[in-house]
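Undergrad: structure for this input, please:
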Amino acid sequence: MKKLLILGAGTAGTMAANKLSRELDPDEWKITIVDQNETHYYQPGFLFIPFGMYSKSDVIKPKRDFIPSNVEMIISPIELIEPEHNRVRISRDNRYLNYDFLIIATGTNIRPEQTPGLHEDEWHKSIHDFYTVDGAVALARFLRNWPGGRLVLNIVDNPIKCPVAPLEFIMLADWFFHEHKLRDRVELTLVTPLPGAFTKPVASKYLGDILEQKGIKVVPDFLIEHVDTDAKKIVAYDEQEVNYDLLVSIPLNMGSDVVARSGLGDDLNYVPVNKHTFLADAYPNIFALGDATNVPASKAGSVAHFAVEVFTENFVRYVDGLELLPTFDGHANCFIESGFGKGLLIDFNYDVEPLPGKYPLPGIGPFSLLQESEMNHWGKVMFRWMYWNLLLKGQPLPLPARMSMAGKWDGNGASN
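TA: Now for the predicted structure:
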């Protein structure tokens, strides 16, 4: 019997387990998934906790609820991947798990300790994050009694999980302080290493204009070197400084330490893979999915969904002795909550940047691309139900895995 081992029961790993358990013959394959945590987090929901829109209970469920019954689940830290021996050592009983094929889906996490001054003294005091559930809860508690001042949102470096989340946070903060009659006492600043509000030029202009309309300042090209907690300022490598009263940080994101310990990662512990097939560069029986890879796509749930959709069929071809097809195009689809009951939507891939238009039906939508609308807000709200009930369980969604140009307007304003 062949053995498929999946490391990580987050979004990508759970979807892969569900989809492959249906495609692979249970008389021929044994599928095992390993994760060190029992709890699954709906990470897009972390964004809403600081503003009292969600509570902690809204974003957590047991991981076992989403693992199919014909997949063995082991809760244990992962000590080492030994690709030369086709095995993985886990902490539980110091066991070795052998595999014929390995899928690494160990994700990415924040590393505030990598930035001097960020994590030492003021963490979850005057410096906060919302990329962890505990950080989001602590920030919610802090904002309940904050009298106002200079709120600085700083992105340490890219890539990060959900690249639009910092924009959503700063726009929701604008709404939140308006709601609490504090907006005239709060200065909002987005400090980013990017040359603008977003990574792609067209979207960066659209989003930058919205931030300007909301009175949110953007400080671009800022590469933070350290935090001076005594003077309450962040300092860049070029000695540029930004003062704060409340610093909300998106720290450096890095992949799992087990990837580094096993010699399978790059400088940020991401697994180098083919960006169209997810096959590891170094080994013909190892794949990586989701945030664990080095592919130049957004580290976001939608990307994991589209990736696993095309990967499943490709993997079945591969184990049957056929060549992998270059099927993944980097498709990302992200709702951007912009406050006041409105949101935006962007849809793009490796080759096509976010463009205005309608999605998913040309001319009809119902969602508008790169334009604020109430429907986009409700799309963001509805996604939580879809995540728990359809996406994680590997159920089909009525959205194409490959990006389509249908409904998008080109640079000259023409519709495709």
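
Undergrad: what's the lowest-mean-pLDDT helix or strand in the chain packed up against?
TA: Taking mean pLDDT, DSSP states H and E as the measure, helix 201-213 is the helix or strand of the chain with the lowest mean score, a mean of 90. Taking 3 or more C-beta pairs under 8 Å, 6 or more residues apart in numbering; DSSP states H and E as contact, the helices and strands that helix 201-213 lies on are helix 165-179, strand 217-219, strand 342-348. C-beta here means a position set from N, CA and C on the backbone, and glycine is covered the same way.

Undergrad: just checking, what packs against the first one?
TA: This points to helix 165-179. strand 149-155, strand 186-191, helix 201-213, strand 246-250, strand 332-339.

Undergrad: possible to save the ones you listed as a markdown table with mean neighbour count and distance to H377?
TA: Shown next, in a markdown table, are the helices and strands packed on helix 165-179 (neighbours: other C-beta atoms under 10 Å; distance: least, C-beta to C-beta, whole Å):
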| stretch | mean neighbour count | distance to H377 |
| --- | --- | --- |
| strand 149-155 | 22 | 21 |
| strand 186-191 | 21 | 20 |
| helix 201-213 | 17 | 14 |
| strand 246-250 | 24 | 22 |
| strand 332-339 | 24 | 7 |
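
Undergrad: the ones you listed: which one's closest to K30?
TA: Across these, K30 has its closest neighbour in strand 332-339 (33.1 Å, C-beta to C-beta).

Undergrad: what's in contact with the closest one?
TA: The contact list for strand 332-339 (C-beta atoms under 8 Å, 6 or more residues apart in numbering) reads 47-48, 162-164, 167-168, 171-172, 174-176, 207, 210, 214, 297-298, 300, 302-303, 306, 343-349, 359, 372, 376-377, 379-380, 383, 399.

Undergrad: on that earlier part again, any chance of the helices and strands packed on helix 165-179 in TSV, with distance to P62 too?
TA: Converted to TSV, the helices and strands packed on helix 165-179 look like this (distance: least, C-beta to C-beta, whole Å):
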stretch	distance to P62
strand 149-155	32
strand 186-191	36
helix 201-213	36
strand 246-250	28
strand 332-339	26
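
Undergrad: nearest to I224, out of these?
TA: Short answer: strand 149-155, nearest of these by C-beta to C-beta, at 6.1 Å.

Undergrad: partner strands of that closest one, with direction?
TA: Paired strands of strand 149-155, with direction, are strand 186-191 (parallel), strand 246-250 (parallel) (DSSP bridges).

Undergrad: verify the stated contact: G365 with K358.
TA: Yes - applying C-beta atoms under 8 Å, one finds G365 in contact with K358, separated by 4.3 Å.

Undergrad: common neighbours of these two, please.
TA: In contact with both G365 and K358: G407, using C-beta under 8 Å, 6+ apart.

Undergrad: domain parsing for this protein?
TA: 2-46+61-107+256-319, 111-253, 332-391 (automatic domain parsing).

Undergrad: make CSV out of these and add distance to A406.
TA: Formatted as CSV, the domains of the chain follow (distance: least, C-beta to C-beta, whole Å):
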stretch, distance to A406
domain 2-46+61-107+256-319, 16
domain 111-253, 18
domain 332-391, 5
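
Undergrad: so for Y54, which of the ones you listed sits nearest?
TA: Of all the domains of the chain, it is domain 2-46+61-107+256-319 that lies closest to Y54, at 5.0 Å by C-beta to C-beta.

Undergrad: the closest one: end-to-end distance?
TA: In domain 2-46+61-107+256-319, first residue to last residue: 10 Å (C-alpha to C-alpha, to the nearest Å).

Undergrad: quick one, helices of this protein?
TA: Using DSSP state H, the helices found in the chain span residues 11-23, 133-144, 165-179, 201-213, 257-261, 301-319, 374-386.

Undergrad: quick check: which of these is buried the most?
TA: helix 11-23 (a mean of 23; mean count of other C-beta atoms under 10 Å).

Undergrad: still on that earlier bit, of the helices and strands packed on helix 201-213, give the one that comes closest to N37.
TA: Closest to N37 of the helices and strands packed on helix 201-213, according to C-beta to C-beta: helix 165-179, at 21.1 Å.

Undergrad: what's the spacing between the closest one and its chain's center?
TA: 19 Å (C-alpha atoms, centre = their mean, to the nearest Å).

Undergrad: which residues does that helix contact?
TA: 44, 47-48, 50-51, 130-131, 143, 148, 151, 153, 155, 160, 183, 185-186, 188, 190, 192, 197-198, 207, 210-211, 214-216, 248, 250, 336-340.

Undergrad: quick one on the thing from earlier: including mean pLDDT, could the strands paired with strand 149-155 go into TSV?
TA: Formatted as TSV, the strands paired with strand 149-155 follow (pLDDT from 0 to 100):
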stretch	mean pLDDT
strand 186-191	98
strand 246-250	98
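
Undergrad: in this protein, where is pLDDT below threshold?
TA: Residue ranges of the chain with pLDDT under 70: 410-416.

Undergrad: start to end distance for stretch 268-288?
TA: 15 Å.

Undergrad: pull out the buried positions in that stretch.
TA: Residues of stretch 268-288 classed as buried: 268-271, 273-280, 286-288 (neighbour count, 16 or more other C-beta atoms under 10 Å).

Undergrad: cool, and stretch 230-246?
TA: K232, K233, I234, V235, A236, V242, Y244, L246.

Undergrad: start and end of that stretch, how far apart?
TA: Its first and final residues considered, stretch 230-246 spans 13 Å by C-alpha to C-alpha.

Undergrad: pull the residues that contact that stretch.
TA: With C-beta under 8 Å, 6+ apart as the test, stretch 230-246 has contacts from 126, 128, 142, 146, 149-152, 154, 189, 191, 219, 222-228, 247.

Undergrad: and what of stretch 66-75?
TA: Taking C-beta under 8 Å, 6+ apart as the rule, stretch 66-75 contacts 9, 14, 17-18, 21, 26, 30-38, 40, 63-64, 90, 92, 97, 392-393.

Undergrad: change it to 10 Å
TA: Stretch 66-75 has contacts (C-beta atoms under 10 Å, 6 or more residues apart in numbering) with 4-6, 9, 11, 13-15, 17-22, 24, 26, 29-38, 40, 63-64, 90, 92, 95, 97, 388, 391-394.

Undergrad: for G255, name its beta-bridge partners.
TA: Per DSSP bridges, the residues bridged to G255 are T108.

Undergrad: equivalent analysis for I6, please.
TA: I33, I103.

Undergrad: show me the contacts for it.
TA: So I6 contacts 12-14, 16-17, 20, 31-35, 67, 71, 73, 99, 101-106, 287, 289 (C-beta under 10 Å, 6+ apart).
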